[in-house]
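Q: Got a predicted model here, sequence first, then my questions.
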Amino acid sequence: MMDQEESEERRRFRRQLKELKNLPTLPGIVAKLTRMAENPDTTTDQMGRVIAQDHILSAKLLKLVNSAFYGFPQRISSLSSAIILLGFNVIKSLIISASIFELMEQHDVELWQHSLGCAVVANELARRLQVSDPEEVSTAALLHDLGKVAMKLELPGPYQEIGAMVRQRHIPRYQAELECLGLQHAEAGGWLARFWMFPDRLVEPILLHHAPEEAKINPQACAIVHFGDILVRGLGYGHGDDVWVPPLSKKAWDILRLSREDLDDLLAVVEEKLWDVKGFSLEIQAGMEGRPAGGPANV
């Protein structure tokens, strides 16, 4: 009977996600740009014209490109320059990130900061490991807890109940989610990413950030996002009502092959970048709310 009830809950939540009653749809431009980025015949001018059709998204993209979050060495003032300098795949990741920014920041500032921090760690680690597309990995890290936002908006009652279980029993949030709903936020985030037609290389790290040992498509990206989540949680940079540090997967650790010296060096670089990103997050919040940076939140 219990299994049947949990199965009903899972089916109901999946239907709610498909209907997107409380979650915004991603602009159609994201799916279109994803298809264009995968077509070798797409030109810079063609992609630039498509992005330029959405003036708000274009402005967000240029702001993000020039932010401390990505930390590109030179100022980028036009879409065509951004596409030429960064390439189609980076632009596609930036468009997805820019589209998700408001959704996450409006509904949970602590979770937003945790996600930003995880993306910073993932980007730095991906570059050190010479991953071919570090921006794609940092985008996956930025979105890894998207399922928590979905649960908060679509299941407000169980979401509060799960938070109480975490605080009272000192257990990881995903464990409380499994006990309460029979599913956890990583699974919900994976569903949502698929509904939004994200590429599989982006879906898998979101879906498996607590179980990287199950990765089939991109085990290294899953290991990086998993480790970034744990490191940022351990540093206490944002939490999203999930204060306990989850266990580290041995398989993920074996994939990363980090030495003690690597960790010390990584921590020194990441801690400095997190300060820069904290300022960027406050700037974005102030811009959205029309108030001075650091003023009272209106969420």
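A: Done, it's in.
Q: how many neighbours does V269 have?
A: 14 (other Cβ atoms under 10 Å). (Glycine included, C-beta is placed from N, CA and C.)
Q: cool, A215 as well?
A: Neighbour tally, A215, other Cβ under 10 Å: 23.
Q: list the contacts for the residue nearest the centre of the chain?
A: Among the residues of the chain, the one closest to the centroid is L143, at 1.6 Å (Cα atoms, centre = their mean). Contacts for L143 (Cβ atoms under 8 Å, 6 or more residues apart in numbering) come out as 96-97, 100, 115, 189, 193, 202, 206.
Q: In CSV: the residues you listed, plus secondary structure.
A: As requested, the contacts of L143 are exported to CSV (DSSP: H, G, I helix; E, B strand; the rest coil):
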residue, secondary structure
I96, helix
S97, helix
I100, helix
S115, helix
G189, helix
A193, helix
L202, helix
I206, helix
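Q: just for the stretch 1-150 of the chain, where's the confidence low?
A: 1-7, 9, 16-28, 68-71, 89, 93, 98-107 (pLDDT under 70).
Q: Then the stretch 151-299 of the chain?
A: In the stretch 151-299 of the chain, residues with pLDDT under 70: 240-241, 277-299.
Q: again, 50 this time
A: By pLDDT under 50, the weakly predicted segments of the stretch 151-299 of the chain are 291-299.
Q: quick one, helices of the stretch 101-250 of the chain?
A: Secondary structure of the stretch 101-250 of the chain (DSSP state H, counting those that start in this stretch): helices at 109-128, 134-142, 146-154, 156-169, 173-181, 185-195, 200-207, 219-235, 250-256.
Q: any idea which of the ones you listed is most buried?
A: Comparing those by mean neighbour count (mean count of other Cβ atoms under 10 Å), helix 134-142 comes out on top with a mean of 27.
Q: what packs against it?
A: Contact analysis of helix 134-142 by 3 or more Cβ pairs under 8 Å, 6 or more residues apart in numbering; DSSP states H and E lists helix 88-107, helix 109-128, helix 200-207, helix 219-235 as its packing neighbours.
Q: starting at the chain centroid, how far to that helix?
A: 7 Å (Cα atoms, centre = their mean, to the nearest Å).
Q: And for that helix, what's in contact with it?
A: With Cβ under 8 Å, 6+ apart, helix 134-142 has contacts from 70, 86, 89-90, 93-94, 96-97, 100, 115-116, 118-123, 126-127, 131, 201-202, 205-206, 221, 224-225, 228-229.
Q: Tell me which residues touch the nearest residue to A252 once chain neighbours are set aside, please.
A: Distances taken as Cβ to Cβ, 6 or more residues apart in numbering put A223 closest to A252, at 3.8 Å, once the chain neighbours are dropped. Applying Cβ under 8 Å, 6+ apart to A223 gives the contacts 212, 215, 249, 251-253, 255-256.
Q: Same check on V90?
A: 133, 135.
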